[in-house]
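**Q** For reference, the sequence and a predicted model appear below.
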Amino acid sequence: MEAKEDASISLLHQTTNIPNDSFNLAYIIYFILGTGFLLPWNAFITAVDYFNYLYPDRSVNRIFAVVFQSVSLICLLLIVFVFRKFHAYVRINIGLGLYLVALLVVPLMDWFYIKGRSGVYEGFYVTVVVVGLSGVANALVQGGVIGSAAELPERYMQAVVSGTSASGVLVSLMRIFTKAVYPQDIHGLRNSAILYFSVAILFMFICFALYNVVSRLPVVKHHNKLRNEHSLNQEEVSSYSSIWNIIQTIKWYGLGVTLIYIVTLSIFPGSVTEDVHSTVLKDWYAILLITCYDVFDLIGKSLTAVYLLDNTNIALGACFARLLFYPLYLGCLHGPQFLRTEIPVTSLTSLLGLTTGYFASVLMILAPKMVQIQHSETAGILIVVFLILGLAIGSVLSWFWIL
């Protein structure tokens, strides 16, 4: 009895003596990590015009999406149910290394083998393999980073999810730059693709260095120690029963995240960029709509640093209310002429990004706090599973169903 009381006093002492995050360094690093682990995927899909030129008979983006999301989902499930005790520090470093390998293959293959030639389909098969390799890396890095942020105070999860939106904004700005500066021929396409992959490679090096720094910061070490002491003072339960208990605890949060991304991915970018047109903006219209979505997605995720909605019922209600985007977009595509113009469509797309960012961020921040601290990492990884499930279902719906 005395031992338990001493342990409780020790844990209370640690929770009231949390080291300062000097210069917000840990917060900034987690923001950069959130930006970094989505950049490789963004590089692949943003270079779609380059890949479409090289492989004109393939549905490049759709194939990339199916391969990337399915591989990520399978690997995340393996991490949760088979390799849960595989330390996050090792998983993340291995994942960053796999990202570097996958990203280096595309420009090296172009320089030494494809050389800008169209129809060299051996290159396509290799590219699909490295997209799958990126899916493995994504499961290791995204699951690991979000899982580790889940063990820390809420602001660090907010930093990670905001970083994921910053990744989209960065890539959108690069897309605008390359379209404005490079000629729209094979030389311009090759240069833009090299830019995307070079930035992603640079970010992977930065993420590798910063992650190995953040794991040594006092505030992170403090919470890791606190989690370990909680684990030692809790009764052991079987791995599978523990996982299912966590799922039962966070299931509504996970359902909300899944629903958010089903709605968003079934509309954006497919119908938004392919089914609306502007005689004024022409082929810039789709690029600007994507940029508006990414910017407002970042704003939404950043708003949780100012005001975090802690009412789960309201957050889940908002997730279901977002189903109204379907009739609203139908109105913009097939309704009165004034609804089909640039301002209504841009406004609705911005609102889609804002609500996606804010409510996904709220649920991802709150979910890991619903379980005991020693289960926070697993809860964080499971939330990523729900997220990728929503992305996968939404991607499939966008493929087979057009507004």
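**A** Received, thanks. Numbers count the residues shown, from 1 in each chain.

**Q** Going by C-alpha atoms from here, please, whenever you check contacts or count neighbours.
**A** OK.

**Q** Flag the shaky bits of the stretch 151-300 of the chain, pLDDT-wise.
**A** Along the stretch 151-300 of the chain, the model assigns pLDDT under 70 to residues 227-241, 271-275.

**Q** Please, where are all the helices along it?
**A** Along the stretch 151-300 of the chain, the segments classed as helices by DSSP state H, counting those that start in this stretch run 154-181, 186-214, 218-232, 239-267, 270-274, 284-303.

**Q** What helices and strands are in contact with the first one?
**A** Here helix 154-181 is seen to pack against helix 25-36, helix 39-46, helix 121-150, helix 186-214, helix 284-303, helix 342-366 when contacts are counted using 3 or more Cα pairs under 8 Å, 6 or more residues apart in numbering; DSSP states H and E.

**Q** cool, the fourth one as well?
**A** Where contact means 3+ Cα pairs under 8 Å, 6+ apart, helix 239-267 is packed against helix 60-81, helix 312-321, helix 342-366, helix 376-400.

**Q** same question for the third one, mean pLDDT?
**A** Over the span of helix 342-366, the pLDDT mean works out to 95.

**Q** Does anything pack onto it? Which helices or strands?
**A** helix 154-181, helix 239-267, helix 284-303, helix 312-321, helix 325-334.

**Q** swap the cut-off to 6 Å and go again
**A** helix 284-303 (3 or more Cα pairs under 6 Å, 6 or more residues apart in numbering; DSSP states H and E).

**Q** list the buried ones in the helix it packs on?
**A** Neighbour counts over helix 284-303 (16 or more other Cα atoms under 10 Å) mark 285-303 as buried.

**Q** what's the closest of the helices of the stretch 151-300 of the chain to residue 106?
**A** Closest to residue 106 of the helices of the stretch 151-300 of the chain is helix 186-214 (Cα to Cα; 8.0 Å).

**Q** centre of the chain versus that closest one, how much separation?
**A** Computed by Cα atoms, centre = their mean, to the nearest Å, the chain-centroid distance of helix 186-214 equals 17 Å.

**Q** residues of it that come out buried?
**A** 186, 188-201, 203-204, 207-208, 210-211, 214.

**Q** now residue 94: how far from residue 87?
**A** 11 Å (Cα to Cα, to the nearest Å).

**Q** Compare those two (neighbour count), which wins?
**A** Neighbour comparison, residue 94 and residue 87: the larger count goes to residue 94, with 16 against 10 (by other Cα atoms under 10 Å).

**Q** distance of that one from residue 302?
**A** Distance from residue 94 to residue 302, by Cα to Cα: 29 Å.

**Q** now residue 104
**A** 32 Å.

**Q** The nearest residue to residue 389 once chain neighbours are set aside: how many residues sit nearby?
**A** In space, and not counting its chain neighbours, residue 389 is closest to residue 258: 6.3 Å by Cα to Cα, 6 or more residues apart in numbering. By the criterion of other Cα under 10 Å, residue 258 has 25 neighbours.

**Q** Looks like residue 258 contacts residue 388 (just checking).
**A** No - applying Cα atoms under 6 Å, one finds residue 258 not in contact with residue 388, separated by 7.7 Å.

**Q** related to what we said a few turns ago, let's have the helices and strands packed on helix 154-181 in TSV, adding distance to residue 394.
**A** Below are these laid out as TSV (distance: least, Cα to Cα, whole Å):
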stretch	distance to residue 394
helix 25-36	22
helix 39-46	16
helix 121-150	17
helix 186-214	25
helix 284-303	16
helix 342-366	13
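
**Q** Out of the ones you listed, flag the one nearest residue 247.
**A** With Cα to Cα, the closest approach to residue 247 among these belongs to helix 342-366: 13.7 Å.

**Q** Which residues belonging to that closest one are considered buried?
**A** For helix 342-366, using 16+ other Cα under 10 Å, the buried residues are 342, 344-346, 348-366.

**Q** Assign residue 86 to helix, strand or coil.
**A** coil (DSSP: H, G, I helix; E, B strand; the rest coil).

**Q** and residue 1, what pLDDT?
**A** For residue 1, pLDDT reads 42.

**Q** Would you reformat the helices and strands packed on helix 239-267 as a markdown table and include distance to residue 336?
**A** Shown next, in a markdown table, are the helices and strands packed on helix 239-267 (distance: least, Cα to Cα, whole Å):
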| stretch | distance to residue 336 |
| --- | --- |
| helix 60-81 | 31 |
| helix 312-321 | 23 |
| helix 342-366 | 11 |
| helix 376-400 | 24 |
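
**Q** rewinding a little: of all the helices and strands packed on helix 154-181, which lies closest to residue 396?
**A** Between residue 396 and these, the shortest separation by Cα to Cα is 16.1 Å, and it involves helix 39-46.

**Q** how many degrees apart are that closest one and helix 121-150 in direction?
**A** Computed by axes from the mean of the first three to the mean of the last three Cα atoms, to 10 degrees, the angle separating helix 39-46 from helix 121-150 equals 140 degrees.

**Q** contacts for stretch 294-310?
**A** For stretch 294-310, the external contacting residues (Cα atoms under 6 Å, 6 or more residues apart in numbering) are 162, 165, 168, 169, 350, 353, 354, 357, 358, 361.

**Q** and the end-to-end length of it?
**A** 25 Å.

**Q** repeat for stretch 179-194
**A** For stretch 179-194, the end-to-end distance is 14 Å (Cα to Cα).
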